[in-house]
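# Output the structure for:
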Amino acid sequence: QVQLVESGGGLVQAGGSLRLSCKASGRSFSSYVMGWFRQAPGKKREFVAGIKASGGSTLYAHFAKDRFTISRDNAKSTVDLQMTSLKSEDTAVYFCAADLRRFDPRTEPDEYDYWGQGTQVTVSS
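Residues are numbered from 1 along each chain as shown. Here you go, the predicted model:
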(Lines give C-alpha, C1' and ligand atoms only; values in the text may rest on other atoms or scores of the structure.)
Protein backbone atom coordinates (compact mmCIF):
# COMPACT_ATOMS: atom_id res chain seq x y z
CA GLN A 1 0.00 0.00 0.00
CA VAL A 2 1.06 3.55 -0.78
CA GLN A 3 -0.48 6.71 0.61
CA LEU A 4 -0.03 9.98 -1.27
CA VAL A 5 -0.81 13.47 -0.03
CA GLU A 6 -0.51 16.55 -2.24
CA SER A 7 0.01 20.09 -1.09
CA GLY A 8 0.88 23.48 -2.49
CA GLY A 9 -2.14 24.29 -4.60
CA GLY A 10 -3.84 27.65 -4.56
CA LEU A 11 -4.80 30.75 -6.47
CA VAL A 12 -2.19 32.45 -8.64
CA GLN A 13 -2.27 35.10 -11.33
CA ALA A 14 -1.48 34.27 -14.93
CA GLY A 15 2.25 34.35 -15.50
CA GLY A 16 2.95 33.36 -11.92
CA SER A 17 4.50 30.25 -10.43
CA LEU A 18 3.43 27.54 -8.04
CA ARG A 19 5.16 24.52 -6.55
CA LEU A 20 3.19 21.39 -5.77
CA SER A 21 4.49 18.68 -3.50
CA CYS A 22 3.43 15.11 -2.92
CA LYS A 23 4.42 13.16 0.16
CA ALA A 24 4.39 9.37 -0.06
CA SER A 25 4.27 6.79 2.69
CA GLY A 26 4.05 3.03 2.73
CA ARG A 27 6.24 1.07 0.37
CA SER A 28 9.79 2.08 -0.44
CA PHE A 29 9.47 5.35 -2.34
CA SER A 30 12.69 4.91 -4.28
CA SER A 31 11.35 1.78 -5.98
CA TYR A 32 8.51 3.19 -8.08
CA VAL A 33 7.63 5.66 -10.79
CA MET A 34 5.75 8.82 -9.87
CA GLY A 35 3.54 10.97 -12.01
CA TRP A 36 1.51 14.15 -11.91
CA PHE A 37 -1.88 14.40 -13.59
CA ARG A 38 -4.53 17.07 -13.72
CA GLN A 39 -8.25 17.22 -14.28
CA ALA A 40 -10.23 20.29 -15.22
CA PRO A 41 -14.02 20.45 -14.80
CA GLY A 42 -15.77 18.43 -17.48
CA LYS A 43 -12.51 17.07 -18.87
CA LYS A 44 -10.65 13.79 -18.65
CA ARG A 45 -7.74 13.37 -16.31
CA GLU A 46 -4.56 14.10 -18.26
CA PHE A 47 -0.89 13.37 -17.82
CA VAL A 48 1.37 16.27 -16.85
CA ALA A 49 4.77 14.79 -16.00
CA GLY A 50 6.39 11.61 -14.77
CA ILE A 51 9.71 10.59 -13.24
CA LYS A 52 11.52 7.29 -12.90
CA ALA A 53 12.22 5.76 -9.51
CA SER A 54 15.83 6.92 -9.55
CA GLY A 55 14.89 10.38 -10.74
CA GLY A 56 17.22 9.98 -13.69
CA SER A 57 14.60 10.26 -16.39
CA THR A 58 11.52 12.39 -16.82
CA LEU A 59 8.63 12.67 -19.23
CA TYR A 60 6.42 15.68 -19.91
CA ALA A 61 3.18 16.41 -21.67
CA HIS A 62 3.60 18.82 -24.56
CA PHE A 63 1.98 21.67 -22.65
CA ALA A 64 4.29 21.15 -19.67
CA LYS A 65 7.60 21.21 -21.49
CA ASP A 66 9.64 24.37 -20.81
CA ARG A 67 7.20 25.52 -18.11
CA PHE A 68 6.93 22.67 -15.58
CA THR A 69 9.64 20.68 -13.84
CA ILE A 70 9.13 17.41 -11.99
CA SER A 71 11.65 16.33 -9.38
CA ARG A 72 11.83 13.86 -6.52
CA ASP A 73 13.69 13.50 -3.27
CA ASN A 74 13.82 9.83 -2.41
CA ALA A 75 15.28 10.52 1.03
CA LYS A 76 12.18 12.59 1.90
CA SER A 77 9.73 10.47 -0.12
CA THR A 78 8.50 13.51 -1.99
CA VAL A 79 7.88 14.42 -5.60
CA ASP A 80 7.44 18.04 -6.61
CA LEU A 81 6.03 19.83 -9.60
CA GLN A 82 7.40 23.31 -10.17
CA MET A 83 5.07 25.25 -12.45
CA THR A 84 6.01 28.55 -14.06
CA SER A 85 4.42 30.91 -16.59
CA LEU A 86 1.03 29.64 -15.53
CA LYS A 87 -1.95 30.16 -17.81
CA SER A 88 -5.67 30.14 -17.13
CA GLU A 89 -5.91 26.82 -18.96
CA ASP A 90 -3.67 25.26 -16.29
CA THR A 91 -6.55 25.58 -13.83
CA ALA A 92 -7.39 22.10 -12.61
CA VAL A 93 -7.14 19.70 -9.73
CA TYR A 94 -3.65 18.24 -9.73
CA PHE A 95 -3.01 14.68 -8.61
CA CYS A 96 0.14 12.74 -7.90
CA ALA A 97 0.16 9.05 -8.65
CA ALA A 98 2.41 6.03 -8.12
CA ASP A 99 3.13 3.25 -10.60
CA LEU A 100 4.54 0.21 -8.85
CA ARG A 101 4.68 -2.05 -11.89
CA ARG A 102 6.81 -0.32 -14.52
CA PHE A 103 10.22 1.22 -14.85
CA ASP A 104 9.38 4.19 -17.06
CA PRO A 105 6.74 6.89 -16.62
CA ARG A 106 3.52 6.25 -18.51
CA THR A 107 0.89 8.71 -19.61
CA GLU A 108 -2.39 6.86 -19.03
CA PRO A 109 -4.14 7.16 -15.66
CA ASP A 110 -5.04 3.48 -15.54
CA GLU A 111 -1.35 2.60 -15.59
CA TYR A 112 -0.94 4.05 -12.10
CA ASP A 113 -1.78 2.12 -8.97
CA TYR A 114 -2.20 4.72 -6.24
CA TRP A 115 -3.47 8.29 -6.21
CA GLY A 116 -3.51 11.26 -3.92
CA GLN A 117 -6.66 13.20 -3.14
CA GLY A 118 -5.68 16.11 -5.38
CA THR A 119 -4.92 19.78 -4.87
CA GLN A 120 -6.69 22.65 -6.60
CA VAL A 121 -4.73 25.05 -8.77
CA THR A 122 -6.58 28.11 -10.00
CA VAL A 123 -4.94 30.57 -12.37
CA SER A 124 -6.67 33.90 -12.75
CA SER A 125 -6.30 35.88 -15.95
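
# can you give me phi and psi for S124?
S124 has phi and psi values of phi -90, psi 140 when expressed as degrees, to the nearest 10.

# any idea how far it is from A53?
The span separating S124 from A53 equals 36 Å under the rule CB to CB, to the nearest Å. Yep, even glycine has a C-beta here, placed from its N, CA and C like the rest.

# So for the two, which sits in the more crowded spot?
Legend: neighbour count by other CB atoms under 10 Å for S124 and A53, higher for A53 (21 against 11).

# From R27, how far off is that one?
11 Å.

# check contacts around G9.
Applying CB atoms under 8 Å, 6 or more residues apart in numbering, we find G9 in contact with L18, L20, V93, Y94, T119, Q120, V121.

# What residues does the closest residue to G55 other than its chain neighbours make contact with?
Across the structure, with CB to CB, 6 or more residues apart in numbering as the measure, the residue nearest G55 apart from its sequence neighbours is R72 (4.9 Å). Applying CB under 8 Å, 6+ apart, we find R72 in contact with F29, M34, I51, G55, T78, V79, D80.

# Let me see the ranges of the strands in the chain.
With DSSP state E as the definition, the chain shows strands at residue ranges 2-7, 10-13, 18-26, 33-39, 46-51, 58-60, 68-73, 78-83, 92-99, 114-115, 119-124.

# That'll do, ta.
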